[in-house]
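Visitor: got a sequence here, can you build the structure:
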Amino acid sequence: MPVNNLSDPINNSSDDETVHSSNEFVAHSELKIATFNLFNYLEPPFAYYDFERIYSAQQWAKKQRWIGDYLDEFQPDMIGFQEVFSPESLRELVLLHGYHYFAVVDEPEIVDDFICTSPVVAIASRYPIKEVQALKADGSVAVAMGLTDDFSFSRKVLRATVELPHIGDCDCYVVHFKSKRPLFDFEHSADLSAEKNIIERLKAQVAGGWGATIQRGSEAALLLVNMIERREQSGLPMILMGDFNNTLCDGVLTHLITDSLRFAAKFDCDAFLAKYCLKDSWDLLQATDNETKQITRKATYYYGTTSSVLDYILLSNEFDACCQSSLFELSEYQTYDRHLINPIFDRDGESTDHAIVLITLTLRS
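Guide: Numbers count the residues shown, from 1 in each chain. Below is the predicted model:
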């Protein structure tokens, strides 16, 4: 596997080397990071969830081409993927488009020899991935939250330590939190009256839906605890990206962007707290770009007549221009949604049901 030359751009050994280093500095002054829900990325002849859901050869080629076209056009340096059923196929695809570093920490389940369930997350990078790990929830914290000590994420969370230019090692997390699909449902029964069937379905929807919310919120809380502990030990910058299956602002996941402490003096905690907090990349751009403040944030997912922002990239203070010691600042935030807003079948027929979020980080002068 090739290793990129990411040596320190400042070198005083000779004039020629100094010029070369300066060019390297310019060449790597931008970082593009994307989160990309692939929507049932599964190579035929396997089926996703149901024996009839199998891509034809033509459909699969079309999906592959659509993904490749996006990568070629927008050139992200690092991508967090969700809904990956065929990791090896994805590894081969991204390699063709210049991503020599790729990792997963799990594999989908296969039932009846060819039906796949439980897709996984993955990461692809143009820069070296030095370490990869699947996160485990802290059992003692889970118990304190009222959960069991064997609580597990509905989909394994991937942490990859990536060697980025100028900033060095960075912990990059890829997630796909529990969906809003109820944990359990009620199946219609011919032995019950019409009213009783409705009542039982309503009860299951309320309880099952809340169960999914508890799972999703608990995943986010336990992940953040893990990230804080890791940050305390390593001191590395943090990037969290993925399909959150929830908006950040409705309370279930708000703790991911906690920036204050209750019952603690502001003077005492501010100097330390910022180091462990995450910021929504959209908010970081708004804080420094007056034009963005006038723009409504685009949705990343549409369901019927409703729309939501479900896909996010959160960053630690090394990427916050309001932090004096930050090395990079957010210069662009893009929501790619052409296939959702104005789809053309020949082009977008096998794309994805999510928008793709891409941010650009620029080295501060």
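Visitor: would you confirm that Tyr333 contacts Leu361?
Guide: No. Applying CB atoms under 8 Å as the test, Tyr333 and Leu361 come out as separate, 10.5 Å apart. Just so you know, the C-beta spots here come from the backbone N, C-alpha and C atoms, and that holds for glycine as well.
Visitor: what about the spatially most central residue of the chain, distance to Glu229?
Guide: With distances taken as CA atoms, centre = their mean, the residue of the chain nearest its centroid is Gly242 (1.6 Å). Gly242 sits 20 Å away from Glu229, going by CB to CB, to the nearest Å.
Visitor: got any ranges where the stretch 151-300 of the chain has weak pLDDT?
Guide: 266-268 (pLDDT under 70).
Visitor: make it 90
Guide: 181-192, 250-251, 258-274, 287-295 (pLDDT under 90).
Visitor: okay, helices next: where are they in it?
Guide: Shown for the stretch 151-300 of the chain, the helices assigned by DSSP state H, counting those that start in this stretch span residues 194-234, 266-276, 281-288.
Visitor: most tightly packed of those helices?
Guide: Most buried of the helices of the stretch 151-300 of the chain, by mean neighbour count (mean count of other CB atoms under 10 Å): helix 281-288, with a mean of 20.
Visitor: which residues touch that helix?
Guide: 257, 292-293, 297, 312-315, 319-322, 329-333, 357, 359 (CB atoms under 8 Å, 6 or more residues apart in numbering).
Visitor: what residues are up against the closest residue to the residue nearest to the centre of the chain other than its chain neighbours?
Guide: Distance criterion CB to CB, 6 or more residues apart in numbering; nearest residue to Gly242, sequence neighbours excluded, is Val175 at 3.7 Å. Val175 is in contact with 80, 121, 155, 157-158, 219, 223, 240-244, counting by CB under 8 Å, 6+ apart.
Visitor: okay if I get these as a markdown table plus distance to Ala194?
Guide: Listed next are the contacts of Val175 as a markdown table, based on distance: CB to CB, whole Å:
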| residue | distance to Ala194 |
| --- | --- |
| Gly80 | 46 |
| Val121 | 42 |
| Arg155 | 37 |
| Val157 | 43 |
| Leu158 | 46 |
| Glu219 | 37 |
| Leu223 | 43 |
| Leu240 | 46 |
| Met241 | 46 |
| Gly242 | 41 |
| Asp243 | 37 |
| Phe244 | 37 |
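Visitor: for those, which one is nearest Ala57?
Guide: Nearest to Ala57 among these is Val121, at 26.4 Å by CB to CB.
Visitor: now that closest one: how far from Asp185?
Guide: 25 Å.
Visitor: before we move on, the earlier item: I'd like the helices of the stretch 151-300 of the chain as CSV, with distance to His97 appended.
Guide: As requested, those are exported to CSV (distance: least, CB to CB, whole Å):
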stretch, distance to His97
helix 194-234, 29
helix 266-276, 35
helix 281-288, 23
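Visitor: tell me which of the ones you listed lies nearest to Ala142.
Guide: helix 194-234 (6.3 Å).
Visitor: angle of that closest one against helix 266-276?
Guide: For helix 194-234 against helix 266-276, the angle by axes from the mean of the first three to the mean of the last three CA atoms, to 10 degrees is 100 degrees.
Visitor: one step back: hang on, isn't the residue nearest to the centre of the chain packed against Asp311?
Guide: Yes. With contacts counted by CB under 8 Å, Gly242 reaches Asp311, the gap being 7.2 Å.
Visitor: for the stretch 251-365 of the chain, what spans make up the strands?
Guide: 279-280, 301-303, 306-308, 311-315, 328-336, 356-363 (DSSP state E, counting those that start in this stretch).
Visitor: neighbour-wise, which of Tyr333 and Leu361 wins?
Guide: Neighbours were tallied for Tyr333 and for Leu361 using other CB atoms under 10 Å; the higher tally belongs to Leu361 (27 against 22).
Visitor: tell me the contacts of that one?
Guide: 30-33, 319, 328-331.
Visitor: okay, and the beta partners of it?
Guide: Counting by DSSP bridges, Leu361 forms beta bridges with Leu31, Leu330.
Visitor: same question for Tyr101.
Guide: Going by DSSP bridges, Tyr101 forms beta bridges with Ser125.
Visitor: what's the pLDDT at it?
Guide: Note on Tyr101: pLDDT of 98.
Visitor: neighbours of it, how many?
Guide: Neighbours of Tyr101 (other CB under 10 Å): 24.
Visitor: I'd say it and Ile129 touch.
Guide: Yes. Using CB under 8 Å, Tyr101 is in contact with Ile129, at 4.4 Å.
Visitor: now the common contact residues for these two.
Guide: Val162.
Visitor: residue contacts, Asp185?
Guide: Asp185 neighbours (CB under 8 Å, 6+ apart): 201, 204-205, 208.
Visitor: next one: Arg91
Guide: Contacts of Arg91 (CB under 8 Å, 6+ apart): 102, 124.
Visitor: quick one: buried residues of the host helix or strand of it?
Guide: Arg91 belongs to helix 87-96 when assigned by DSSP states H and E. By neighbour count on 16 or more other CB atoms under 10 Å, the buried set for helix 87-96 is 87, 90-91, 93-94.
Visitor: with stretch 295-305 instead?
Guide: Buried residues in stretch 295-305 (16+ other CB under 10 Å): 298-301.
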